[in-house]
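**Q** Model the following, please.
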Amino acid sequence: MSKKGRVLVAMSGGVDSSVAAVMLHEEGYEVIGITMKTWDYASSGSSSKETGCCSLDSINDARALAVSYGFPHYILDIREEFGNFVIDNFVEEYLAGRTPNPCVLCNTHIKWEALIKRANHLDCEFIATGHYANIRKENNRQVISKGKDESKDQSYVLWGVSQANLARTMLPLGKFHKSEIKQMAIDMGQQELAAKSESYEICFVPDNDYRAFLKHQVPTLEKEVDGGEFVLRDGTVIGKHKGYPFYTVGQRKGLEIALGEPMFVLEILPESNRVVLGKIDELHRSKAIVRGFNLVKYASIPDPIESLTKIRYKDKGTMSTIVESGDEIIVDFYEPVSGLAPGQSAVFYEGNDLIGGGIISRS
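**A** The predicted structure is shown next:
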């Protein structure tokens, strides 16, 4: 074994994880590559060609790179665990009138656990991924901070990773810009890898059409929920919709209703199959209740502290105070935020450091 140790690197076949693996290999770590098969499009009823991290092409690209650098590569089939947890949760959340965040759940409960389990089996001290974020140890805590390239920062999706798993995690790309990583790939002679397009879609939803995916997963769904009512806050019925699971809080486009001014989804009521609509100012919220949280920088938050709170991955964030109260975190925003969707993640920052995060329960 290398003096630096053995590290299991999650390789999706894309430029980021590939460069991360080579970077660690050249730094003297004993690298073992692993590609996780989480999903296949055939299971979703799609006839489209598979793309992204689960495709055969991506798996072959990851293996070819490992072979060219002389380190082992394995394929880990976690489709059963992934489907049982991530897919089931995805469907259940929409049926409950919430908007799920599957990438966070996958990282927290599937990918990291699967990597650690396999790392133990292969006597690897560390695991590594191609996420753009940083980890350091401070005050006996593993602290995640934003990546240097803030436009690519992925700390938002890592809030749920446990302290024990973070202690064994390496994130080699956190101190680089994406442009630097692409140049490294070119310098490695991997021009095609550097030119690969990135996908921002949910990996198991073909063509990013979550409505079609829900219909395939629950064949009776469309018939059961079609024809529900659009209503205003006061209960006034203003039209019919195609089923409450096919709408999300904050949605404006695709409502197919004309009222002379833009209308937005304010609330989803699954019990009555109603979708509440209103004007943009009615979307504004000053408070959020967050549950199922995980703290990263601190062990607890007994007193209110100031935080930049992000309620979506690409959200620039809003200053707030947060305080822990039993099994909830109460967020008070300094300015009203729009589109606070139950089921999505609220993630808290102190400067560049990740305080923690959780699931928005209500506002």
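
**Q** which residue is nearest the centroid of this protein?
**A** The centroid of the chain falls nearest to Cys103 when counting by Cα atoms, centre = their mean (2.8 Å).

**Q** Report the contact partners of it.
**A** 157, 202 (Cβ atoms under 8 Å, 6 or more residues apart in numbering). In this view, the C-beta of every residue, glycine as well, is placed from N, C-alpha and C.

**Q** and it, which of the three is it?
**A** Judged by DSSP: H, G, I helix; E, B strand; the rest coil, the three-state class of Cys103 is helix.

**Q** CA atoms of the least confident helix or strand in the chain by mean pLDDT as PDB?
**A** Every helix and strand of the chain was ranked by mean pLDDT, DSSP states H and E. The lowest is helix 79-82, at a mean of 87. Extracted C-alpha coordinates of helix 79-82, given in PDB (Å, rounded to 0.1, in the frame of the first residue of the first chain):
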ATOM      1  CA  ARG A  79     -29.900   0.000  -8.400                       C
ATOM      2  CA  GLU A  80     -32.000  -1.900  -5.800                       C
ATOM      3  CA  GLU A  81     -30.900   0.300  -2.800                       C
ATOM      4  CA  PHE A  82     -31.300   3.400  -5.000                       C
END
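
**Q** List the buried residues of the helix or strand just after that helix.
**A** With elements assigned by DSSP states H and E, the helix or strand that comes after helix 79-82 is helix 88-95. For helix 88-95, the neighbour count (16 or more other Cβ atoms under 10 Å) marks 89-91, 93-95 as buried.

**Q** Would you mind measuring from Gly260 to Asp281?
**A** Distance of Gly260 to Asp281, given as Cβ to Cβ, to the nearest Å: 16 Å.

**Q** So those two - more neighbours on which side?
**A** Asp281 (9 against 5; other Cβ atoms under 10 Å).

**Q** just the buried residues of helix 88-95 now: which is nearest Gly13?
**A** Comparing the buried residues of helix 88-95 against Gly13 with Cβ to Cβ places Phe90 closest, at 23.4 Å.

**Q** Isn't that closest one up against Pro100?
**A** Yes. Under the criterion of Cβ atoms under 8 Å, Phe90 is in contact with Pro100, at a separation of 5.0 Å.

**Q** and which of the buried residues of helix 88-95 is nearest Ala346?
**A** Glu93 (15.3 Å).

**Q** these two touch, right, Ile280 and Phe264?
**A** Yes. Using Cβ under 8 Å, Ile280 is in contact with Phe264, at 6.0 Å.

**Q** Compare those two and say which is more crowded by neighbours.
**A** When Ile280 is set against Phe264 and neighbours are counted by other Cβ under 10 Å, the residue ahead is Phe264, at 20 against 14.

**Q** With the flanking residues excluded, which residue is spatially nearest to that one?
**A** Spatial nearest neighbour of Phe264, excluding adjacent residues (Cβ to Cβ, 6 or more residues apart in numbering): Arg252 at 5.1 Å.

**Q** I'd say that neighbour and Met263 touch.
**A** Yes. Between Arg252 and Met263 there is a contact at 7.1 Å, judged by Cβ under 8 Å.

**Q** Only alpha carbons, please: show stretch 258-269 as CSV.
**A** Presented in CSV, the C-alpha positions along stretch 258-269 are these (Å, rounded to 0.1, in the frame of the first residue of the first chain):
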residue,chain,number,x,y,z
ALA,A,258,-55.7,32.8,-18.0
LEU,A,259,-56.7,35.4,-15.3
GLY,A,260,-55.3,38.6,-16.9
GLU,A,261,-52.2,38.6,-14.7
PRO,A,262,-49.4,36.1,-13.9
MET,A,263,-50.4,33.5,-11.3
PHE,A,264,-48.2,31.2,-9.3
VAL,A,265,-48.6,28.0,-7.3
LEU,A,266,-48.8,29.0,-3.7
GLU,A,267,-49.7,25.7,-2.0
ILE,A,268,-50.6,22.1,-2.9
LEU,A,269,-53.4,20.4,-1.0
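
**Q** From here on, call the first residue 780.
**A** Shifting the count to begin at 780 puts that one at stretch 1037-1048.

**Q** Can you mark which positions in that stretch are buried?
**A** By neighbour count on 16+ other Cβ under 10 Å, the buried set for stretch 1037-1048 is 1042-1047.
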